[in-house]
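K.L.:
would you be able to build a 3D model of this:
(one chain, ligands or ions: 1)
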Amino acid sequence: MVRTLDSVSRVGVVGAGTMGSGIAQVAATAGYDVVLRDVEQGYVDDGFDSIDDSLGRLVDRGALGESDADAARERIEGTTDLADLADCDLVVEAVVEDMDVKRDVFDELEERVDGDVLLGTNTSTLSITRIANATRSPERVVGLHFMNPVPVMDGVEVVVGEKTTDDAVDLAHAFAEDLGKETWEADDKPGFVTNRILMPWLNEGIRAFDEGVATKADIDRGMKLGTNVPMGPLELADHIGLDVVLHASETLHEELGDRYKPAYLLRRKVDAGDLGKKSGEGFYVYDDG
Ligand SMILES: NC(=O)c1ccc[n+]([C@@H]2O[C@H](COP(=O)([O-])OP(=O)(O)OC[C@H]3O[C@@H](n4cnc5c(N)ncnc54)[C@H](O)[C@@H]3O)[C@@H](O)[C@H]2O)c1
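P.N.:
Purely as a prediction, here's the structure:
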């Protein structure tokens, strides 16, 4: 049995990158004490810089009071030592999308935290069951798939592994809802709901551009105006990061076969170092890098 939400007050987040820093921020804003862990102090500091920027934007927009933002910031403790997660009541892992790294983290985590602590993974595409199998308590491992950017996006996908028990699933929903998110549930099948459907959509947009169906701007405009999505496939792929899209597509291709084959132009862009918004160029050019 995992502990219930009313006995969760301290949350551990492993990985202080894009997603981990966002998860730490929303948990702290919801009133939880947070321990944010990365492997080097520089990464922890980068995570805090992202949190400061994001909280600052919320304050500027009037979405969060300045004293609430300060209080949230003070509730987050940074560390490079996994042992500092020992008193946590719930842990979310958000390290790099690599099965071996994630399995090592779960193996280590299990030794550090109490036996009734929920262990969530933010993986986008990897098997929850395989990650859970690195532990001796796979029943408490669940997918807690936050969306990027975490403070902005309303949804969290709860993914149920082969051994995940109902109480772990219930706590995953309750925790995400307590952070102000809405949830849905997916079985542990490659890509879950979101990436199983999103990745072929992005790749098809890239192929349509490569095959001259329309200009990139018209592909994005067509999908926005024609299907009422906020971003077209090429701008969304740039926003996510073309390397991230390629990596997720490759995982799904391996698991689900040829209908998930990454678009040739996607791989060529990544090979050229054009990774989207974060590198300054992808399908579009970005002035601010
Ligand atoms: N970026 C997205 O759009 C997005 C969306 C949903 C889910 N995800 C998933 O979230 C996870 C994290 O993605 P991200 O975009 O934040 O990656 P990121 O590269 O921004 O951050 C990953 C962090 O993990 C750290 N790390 C690596 N090994 C570690 C360890 N053993 N202990 C602690 N920290 C460690 C790295 O130093 C890095 O700071 C991945 O599984 C990814 O698939 C990403």
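
K.L.:
tell me the residues of the stretch 1-150 of the chain that contact the ligand?
P.N.:
14-20, 37-39, 43, 94-97, 101, 105, 122-124, 148 (C-beta under 6 Å from any ligand atom). Placement of C-beta: from N, CA and C, glycine included.

K.L.:
sec struct for the residue nearest to residue 29 when sequence neighbours are not counted, please.
P.N.:
Of all residues not flanking residue 29 in the chain, residue 72 sits nearest, at 4.5 Å (C-beta to C-beta, 6 or more residues apart in numbering). Put simply, residue 72 is helix when judged by DSSP: H, G, I helix; E, B strand; the rest coil.

K.L.:
what are the ranges of the strands in the stretch 151-289 of the chain?
P.N.:
Along the stretch 151-289 of the chain, counting by DSSP state E, counting those that start in this stretch, strands occupy 155-160, 182-187.

K.L.:
mind listing the strands for the stretch 1-150 of the chain?
P.N.:
10-14, 33-37, 76-79, 90-93, 118-121, 141-146.

K.L.:
export those to a markdown table and tack on distance to residue 237?
P.N.:
Formatted as a markdown table, these follow (distance: least, C-beta to C-beta, whole Å):
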| stretch | distance to residue 237 |
| --- | --- |
| strand 10-14 | 27 |
| strand 33-37 | 29 |
| strand 76-79 | 31 |
| strand 90-93 | 25 |
| strand 118-121 | 24 |
| strand 141-146 | 19 |
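
K.L.:
now tabulate those strands in a markdown table and tack on mean neighbour count and mean pLDDT.
P.N.:
Converted to a markdown table, these look like this (neighbours: other C-beta atoms under 10 Å; pLDDT from 0 to 100):
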| stretch | mean neighbour count | mean pLDDT |
| --- | --- | --- |
| strand 10-14 | 27 | 98 |
| strand 33-37 | 24 | 98 |
| strand 76-79 | 18 | 98 |
| strand 90-93 | 26 | 98 |
| strand 118-121 | 28 | 98 |
| strand 141-146 | 27 | 98 |
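
K.L.:
what's the closest of those strands to residue 193?
P.N.:
If you check each of the strands of the stretch 1-150 of the chain against residue 193 by C-beta to C-beta, strand 141-146 wins as the nearest, at 9.3 Å.

K.L.:
tell me what that closest one is packed against?
P.N.:
helix 18-29, strand 118-121, helix 128-132, strand 155-160, helix 166-178 (3 or more C-beta pairs under 8 Å, 6 or more residues apart in numbering; DSSP states H and E).

K.L.:
which residues are in contact with the fourth one?
P.N.:
With contact meaning C-beta atoms under 8 Å, 6 or more residues apart in numbering, strand 155-160 is reached by 128, 142-147, 169, 172-173, 176, 179, 181-188, 192-194.

K.L.:
that one relative to helix 166-178, how many degrees between them?
P.N.:
Put simply, strand 155-160 runs at 170 degrees to helix 166-178, going by axes from the mean of the first three to the mean of the last three C-alpha atoms, to 10 degrees.

K.L.:
what pairs with strand 155-160, parallel or antiparallel?
P.N.:
Paired neighbours of strand 155-160 in the sheet (DSSP bridges): strand 141-146 (antiparallel), strand 182-187 (parallel).

K.L.:
get me the contact residues on the stretch 151-289 of the chain for the ligand.
P.N.:
So the stretch 151-289 of the chain meets the ligand at 240, 244 (C-beta under 6 Å from any ligand atom).

K.L.:
okay, now the unreliable bits of the stretch 151-289 of the chain?
P.N.:
Applying pLDDT under 70 to the stretch 151-289 of the chain flags residues 288-289.

K.L.:
if we go to 90?
P.N.:
Scanning the stretch 151-289 of the chain for pLDDT under 90 picks out the ranges 278, 287-289.

K.L.:
find the closest residue to the ligand in it.
P.N.:
Per C-beta to the nearest ligand atom, residue 240 is where the stretch 151-289 of the chain lies closest to the ligand, at 5.2 Å.
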